[in-house]
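K.L.:
what shape does this take:
(2 chains)
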Amino acid sequence: MTKADFRAGAARAVGDVQLRSNFRRAMDGLMEKRAAQFADGEELERLRTLGESIRSRSLARLPELLVQLENNCRENGIQVHWAETAEDGNRIVLDILKRRNAKTLVKGKSMVSEEMELNHFLEAQGIETLESDLGEYIIQLAQEMPSHIVMPVIHRNTAQIAELMERKIAGVSYTENPDELCRIARKVLREKFYKADAGISGVNFAVAETGTLCLVENEGNGRMSTTAPKTHIAVMGIEKVVEHLQDVPPLLSLLTRSATGQPITTYFNMISSPRRPGEQDGPQEVHLVLLDNGRSRILADPELRPTLRCIRCGACMNHCPVYTRVGGHAYQAVIPGPIGEILTPQLRGLDVRGDMPFGSTLCNACVEVCPVRIPIVDILLRLRAEANSPEQGGSVKGAGAKREGKEAMAWKGWQAMHASGAVYNGLSRLLAKTGNMMPGSVGPLKAWTATRTKPRFAARTLHQMTRKRGIPDE
Amino acid sequence: MSERSYPERPESVYFFGTCLIDLFYPGAGMAGIELLQREGLNVIFPQAQSCCGQPAYNSGYRDEARAVARNQVRHFPKPYPVIVPSGSCASMLRNRYPGLFEGDPDEGAAVGFSKRVYELTEFLVHVLKVELTDLGPPMKVTWHGSCSMQREMGLREEPRQLLAQLGNVDLRPLERERECCGFGGTFSIKLPEISAAMAGDKAGDVERSGAEVLVSGDCGCLMNIAGTLEARGRRVAPRHIAEFLWERTHDKG
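P.N.:
Model prediction:
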């Protein structure tokens, strides 16, 4: 695959009429549901203030909270592992599976495991992984990436899913009945839950003071994946820790209402230990893998740190006019949309994904709905500056990698024109006289005039008009 | 933002015309000045002004943006309010200058300058409390509030309040009036396919509103939406709100 590039992905997606209508309809529905949940604007703002402060407080004390979490998990019988990189994380999971002689596993939905490309890694080691979240299961059948962090298969409509299931699952005939499609998937998955040697899940919140792992889900597959197999491995990014148990309810409320417009999800799991003596069910072993993978670097910069407040609700993508036009795959990243535009380049480096912070009109629709008030636009602007920085290095990996001589020169020229009143007055008058003679079909104007008329310079500038009218200069 | 406290009516104000208005829509700038003069204010237009610096700032070229910003900070030295006929440029001057000059010798001046910045409709409504009498013919009009006007400056009702004072104007809402038009400055050139798709949707929304005139407070959006409408052969006249208000409320005789 060639280097990931948002413009190329977006240009392809924007021409796909079916895809655009699938997204428009889905995002409209999600925005409406969220709005219905937050009818009381004052309550929403109070809750956002609380959510922001809980997450900020947790991040401010992150190192000590992680140690506290580790100690309390161990006391509860949960085995804790630290992974600095995705490779470390994958290796840790593989070692656990090998020790348990596990050959098959079921997975609950986990964005961190996507970030680690865990499925791919394990399959190469001969271990069969099955996604058990319905959406994730469907994209696994289609061999696609998630196109949304909460609704991974939102890019497909019912007919497209029906066609896929008929083609990929033996003995299934075509049906567009959603209940029937669910029943088919459930039948396949049930069997796997009982047979799987291990289960893998993500973590929505980890409570430091109690050593509890919280898992938010709607299908019961999370509960099955974490209780039916003998071994449960939870993977989480280190930023997911919160200090107190009482920090969880407001975050949960913000999460479900912002994400899907639900007052609460159908399932909310609190995992605090493996099966205890005398208990009828639950795994024999529970492992927690704590992944850094670049997060400490984000934490260290006060302006970038709020990126880590994210609770992965996806409201920013649901409300993003760019995401809505192109869908998640155009971003060619595990996490698409506004939060992906700030998180992905920081985790992977601006040398790899320095294109992403530029995929925004800076319209602030995401900032307006973010339940933990991440200043996404401020961070986009900072990352744009880092990407084009004249100095290599700096607090973001790959800083300066996107700077190009031609563009840098153009901005120097722009500066020379606008940093002096005298130069500006001379050149702007010249543009008023000759600007309209510039052809619209070359240079940067070409992209503009493909669908718009060429902007027309006025015959006289405002500077000239005000001078003529005798408007005072000072 | 919306909780901002406003000063008493001053005697003099500065006018920051913006580079887009200067080059493409000077009539909108003149109209803005005339609206302020009609209220009895002494309007000052420093001839050395150029651009707020936003194009370079949003593109990640902060040194270049700061050099241009410095030219503005230095040429608006007196403690007068600075009136800007654009939500986008006003937000750059007001919200971004303090950060842009952090640690710079001109930081104090830049912060002081930024606190004096007001978007034109904000100033007309909150400080001058203008009362308008419509002298124009009946007209169907729609309003496009820019993203910076709505979400960075927190100005949603102010332009509407002014348009609502015009008795013969039938203000038609857009279906998705809060959605971005896809301009985004250099975004329109760097990601032209998405920008065109967004502008196309917005243009369709404007057409369906049945409006004869599209009014906005930001010339970037106007250029984007009206340019798209014009390329499609549609007749909807674009007007900056300053020009629209002035045209309808001044006695041409």
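
K.L.:
next one: stretch A:5-20 to chain centre, how far?
P.N.:
18 Å (CA atoms, centre = their mean, to the nearest Å).

K.L.:
could I have it exported to CSV, CA atoms only?
P.N.:
The C-alpha trace of stretch A:5-20 is given here as CSV (Å, rounded to 0.1, in the frame of the first residue of the first chain):
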residue,chain,number,x,y,z
ASP,A,5,-3.2,10.2,2.3
PHE,A,6,-6.5,11.7,3.3
ARG,A,7,-7.0,13.7,0.2
ALA,A,8,-6.8,10.7,-2.1
GLY,A,9,-9.1,8.7,0.2
ALA,A,10,-11.5,11.6,0.5
ALA,A,11,-11.6,12.2,-3.3
ARG,A,12,-12.5,8.6,-3.9
ALA,A,13,-15.2,8.5,-1.2
VAL,A,14,-16.8,11.8,-2.1
GLY,A,15,-17.7,10.5,-5.5
ASP,A,16,-19.5,7.4,-4.0
VAL,A,17,-23.1,8.5,-4.0
GLN,A,18,-24.3,5.4,-2.0
LEU,A,19,-21.6,5.9,0.7
ARG,A,20,-22.4,9.6,1.1
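
K.L.:
and that stretch, average pLDDT?
P.N.:
Mean pLDDT, computed over stretch A:5-20, is 93.

K.L.:
then stretch A:89-108?
P.N.:
Mean predicted confidence for stretch A:89-108 is 96.

K.L.:
for it, which residues meet the burial criterion?
P.N.:
Across stretch A:89-108, burial judged by 16 or more other CB atoms under 10 Å in any protein chain shown covers A:89-90, A:92-94, A:96-97, A:100, A:102, A:105-108. All C-beta spots, glycine's among them, are computed from the backbone N, C-alpha and C.

K.L.:
show me where the stretch 51-200 of chain B has strands.
P.N.:
Applying DSSP state E, counting those that start in this stretch to the stretch 51-200 of chain B gives strands spanning B:82-84, B:117-119, B:139-144, B:169-172.

K.L.:
which of the buried residues of stretch A:89-108 fall within helices?
P.N.:
Counted as lying in helices by DSSP state H, out of those, are A:89, A:90, A:92, A:93, A:94, A:96, A:97.

K.L.:
which residue packs closest to whatever residue of chain A ends up closest to chain B, ignoring adjacent ones?
P.N.:
Across chain A, the shortest distance to chain B (CB to the nearest CB) belongs to residue A:421, at 2.6 Å. Using CB to CB, 6 or more residues apart in numbering or on different chains and skipping residues adjacent in sequence, the residue nearest residue A:421 is residue B:48, 2.6 Å away.

K.L.:
just to revisit the earlier point, need the strands of the stretch 51-200 of chain B in JSON lines with mean pLDDT and mean neighbour count, can you?
P.N.:
Listed next are the strands of the stretch 51-200 of chain B as JSON lines, based on pLDDT from 0 to 100; neighbours: other CB atoms under 10 Å in any protein chain shown:
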{"stretch": "strand B:82-84", "mean pLDDT": "98", "mean neighbour count": "27"}
{"stretch": "strand B:117-119", "mean pLDDT": "98", "mean neighbour count": "26"}
{"stretch": "strand B:139-144", "mean pLDDT": "98", "mean neighbour count": "21"}
{"stretch": "strand B:169-172", "mean pLDDT": "98", "mean neighbour count": "16"}
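
K.L.:
next, format these as JSON lines and append distance to chain A.
P.N.:
Formatted as JSON lines, the strands of the stretch 51-200 of chain B follow (distance: least, CB to the nearest CB, whole Å):
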{"stretch": "strand B:82-84", "distance to chain A": "13"}
{"stretch": "strand B:117-119", "distance to chain A": "15"}
{"stretch": "strand B:139-144", "distance to chain A": "13"}
{"stretch": "strand B:169-172", "distance to chain A": "21"}
